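Asker: Fold the following, please.
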Amino acid sequence: MKKLVRTALLIFLGAWSSYGIATAQTAPPASSDTNKPAASSRPRTQRFSGTILSVDSKVKSITLQGANKPVVFITDKTRIIKARQAATFDVLTTNQAVTGFEQQDPSGKWIAQSLNVGDPRQIPDAPIGRTFVPSQPRTNTPPPRSGN
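Answerer: Sure, this is the predicted structure:
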């Protein structure tokens, strides 16, 4: 009986180890970068803000004030917003506060995707959209019953 159990155990271990060796040889090598997207497939995007130092209408770019004086290029696809209204490149002048998002193209230039002109904390003169009109103050007393 012991001999039979020992033989069955050896056959089982032999089959199990040969299965492990066969799958290890046929399995493709596991690579850590197969699940990661390519770094160059997604362009870099960043937020920018500052005050316009200069405007170049020939190249359609703005230079912001700062230590490194970053240059932001404007294209026809750039959304320019001023006072919550669509605007054009012509409204840009020096000493205006701007914020927006820019994306780096393959050549390394930063292209503005959106450009908001003016201080975003400033309240416009005219209200935009519907205005709030308060109703009568609420009371905790129920309305009077009619009838009975």
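
Asker: Just after the helix or strand encompassing F48, pick out the following helix or strand.
Answerer: According to DSSP states H and E, F48 maps onto strand 45-56. Note on strand 45-56: by DSSP H and E, the next helix or strand toward the C-terminus is strand 61-64.

Asker: contact partners of that next one?
Answerer: 48, 50-56, 69-74, 92, 98 (C-beta atoms under 8 Å, 6 or more residues apart in numbering). Backbone N, C-alpha and C define where each C-beta goes, glycine included.

Asker: Please repeat the previous calculation with a cut-off of 6 Å.
Answerer: G50, I52, L53, S54, V55, K69, P70, V71, V72, F73 (C-beta atoms under 6 Å, 6 or more residues apart in numbering).

Asker: Neighbour-wise, which one of those leads?
Answerer: V72 (21 neighbours; other C-beta atoms under 10 Å).

Asker: thought that one was touching A112?
Answerer: Yes - V72 is within contact range of A112, at 5.0 Å (criterion: C-beta atoms under 6 Å).

Asker: Quickly list what's touching both of the two.
Answerer: With C-beta under 6 Å, 6+ apart as the test, V72 and A112 both reach E102.

Asker: Now that D119 has come up, it's in contact with Q96, right?
Answerer: No - counting by C-beta under 6 Å, D119 stays clear of Q96, with 9.1 Å between them.
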